[in-house]
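# Here's my sequence, what's the structure:
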Amino acid sequence: MKDEERLDYRSWWDGHGESLIDGPIAKLYSVTVWPTIYVLDENGAVRNRRVFGDNLITVAQELVAEMKANRADR
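Next comes the predicted model:
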């Protein structure tokens with residue numbers, strides 16, 4: 001999907017069980033309402049949550065830039 005949509009970041013669909021909060025990701029992060037958006041860094045740490053629209057794109061781009069800078073410093 002990344003290549004088709006030309007996204008600069010990954011996204012996942014949790015799928016769900018009998019209710020909207022029964023999926024494995026929802027359980028792991030205690031999601032109680034949808035849509036719930038968590039922006040994770042490359043280590044899986046939650047860096048932002050409940051960001052939408054242009055703010056989500058900005059947050060994702062900033063995180064990608066930070067990750068690239070961190071890799072360049074290594």
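# CA only for contacts and neighbour counts going forward, please
OK.
# Run through the residues that contact R49.
36-39 (C-alpha atoms under 8 Å, 6 or more residues apart in numbering).
# swap the cut-off to 10 Å and go again
36-40, 56, 59 (C-alpha atoms under 10 Å, 6 or more residues apart in numbering).
# which regions of the protein lie under the pLDDT threshold?
1-7, 16-17 (pLDDT under 70).
# sorry, back to before: if you rank the contacts of R49 by neighbours, which is first?
V39 (20 neighbours; other C-alpha atoms under 10 Å).
# isn't there a strand covering that residue?
Yes - counting by DSSP: H, G, I helix; E, B strand; the rest coil, one finds V39 located in a strand.
# Can you tell me how far it is from A45?
According to C-alpha to C-alpha, to the nearest Å, V39 and A45 sit 8 Å apart.
# likewise E18?
Distance, E18 to A45, by C-alpha to C-alpha: 27 Å.
# now A60
In terms of C-alpha to C-alpha, A60 sits 14 Å off from A45.
# Please identify the buried residues of stretch 50-68?
For stretch 50-68, the neighbour count (16 or more other C-alpha atoms under 10 Å) marks 51, 56, 59-60, 63-64 as buried.
# of these, closest to R74?
V64 (15.8 Å; C-alpha to C-alpha).
# Mind giving me the packing neighbours of the helix or strand containing the closest one?
Taking DSSP states H and E as the definition, one finds V64 inside helix 53-73. Contacts defined by 3 or more C-alpha pairs under 10 Å, 6 or more residues apart in numbering; DSSP states H and E place helix 53-73 against strand 38-40, strand 46-49.
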